[in-house]
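Asker: my questions concern the predicted model and sequence given below.
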Amino acid sequence: MAKVEFLNEESFKAKVFDYEKNKEWKYEGKVPCMIDFYADWCQPCKMVAPVLEELQADYGDTIQIYKIDTEVERNLAGMFGVQSIPSLLFVPMEGQPQMAAGALPKETFEKAIADVMKVEKQS
């Protein structure tokens with residue numbers, strides 16, 4: 001069962017995008033992913049965390065949810081131009097990732113997972 005996973009720069013390069021090798025976006029993952037840019041002191045981030053755990057459980061191995069601590073991984077946050085947190089990056093298998101900012105309700109995440117990542121919830 002897939003679990004929400006924390007990324008640092010090294011694991012990001014292996015699992016999401018190796019920006020040292022590729023100039024153009026090239027997703028390294030096996031399934032579409034969502035990346036939560038957060039910080040421990042951020043109250044809305046704390047509200048989103050259990051929703052992301054639920055989504056990971058709901059979708060199982062069809063998607064992967066990652067978390068990046070913007071206080072620690074400033075380089076990664078800067079690379080995606082993260083201005084406010086939480087910011088969530090939706091990464092499809094093909095095409096460009098899309099960013100959404102704010103503590104969104106679960107339904108909004110599900111819609112973005114369907115629209116951007118092209119993954120439907122398993123029943």
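Answerer: Sure thing, it's come through. On a predicted model such as this, the values are computed, not experimentally measured, just so you know.
Asker: nearest residue to the residue nearest the centre of the chain other than its sequence neighbours?
Answerer: With distances taken as CA atoms, centre = their mean, the chain has Ile35 as the residue nearest its mean C-alpha position (1.3 Å). Among residues not flanking Ile35 along the chain, Leu89 sits closest, at 4.2 Å (CB to CB, 6 or more residues apart in numbering). The way it works is simple: take the backbone N, C-alpha and C, and place the C-beta from them, glycine included.
Asker: got it, and Phe12?
Answerer: Excluding its sequence neighbours, the residue lying closest to Phe12 (CB to CB, 6+ apart) is Leu76, at 5.8 Å.
Asker: is it true that the one you found lies in a helix?
Answerer: Yes. Counting by DSSP: H, G, I helix; E, B strand; the rest coil, Leu76 is located in a helix.
Asker: go ahead and confirm it touches Lys67.
Answerer: No. Judged on CB atoms under 8 Å, Leu76 makes no contact with Lys67 at a distance of 11.2 Å.
Asker: between those two, which one's more packed in?
Answerer: Neighbours were tallied for Leu76 and for Lys67 using other CB atoms under 10 Å; the higher tally belongs to Leu76 (22 against 18).
Asker: just checking, what packs against the lengthiest helix in the chain?
Answerer: Looking across the chain with DSSP state H, the single longest helix is helix 43-59. Contacts defined by 3 or more CB pairs under 8 Å, 6 or more residues apart in numbering; DSSP states H and E place helix 43-59 against strand 33-38, strand 64-69, helix 106-115.
Asker: got the CA positions of the longest one in PDB?
Answerer: The reference is to helix 106-115. Provided in PDB are the C-alpha atoms of helix 106-115 (Å, rounded to 0.1, in the frame of the first residue of the first chain):
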ATOM      1  CA  LYS A 106     -10.900  16.900  -0.800                       C
ATOM      2  CA  GLU A 107     -13.400  17.100  -3.700                       C
ATOM      3  CA  THR A 108     -11.200  19.700  -5.400                       C
ATOM      4  CA  PHE A 109      -8.200  17.500  -5.100                       C
ATOM      5  CA  GLU A 110     -10.200  14.600  -6.500                       C
ATOM      6  CA  LYS A 111     -11.300  16.700  -9.500                       C
ATOM      7  CA  ALA A 112      -7.700  17.800 -10.100                       C
ATOM      8  CA  ILE A 113      -6.500  14.200  -9.800                       C
ATOM      9  CA  ALA A 114      -9.100  13.200 -12.500                       C
ATOM     10  CA  ASP A 115      -8.600  16.300 -14.800                       C
END
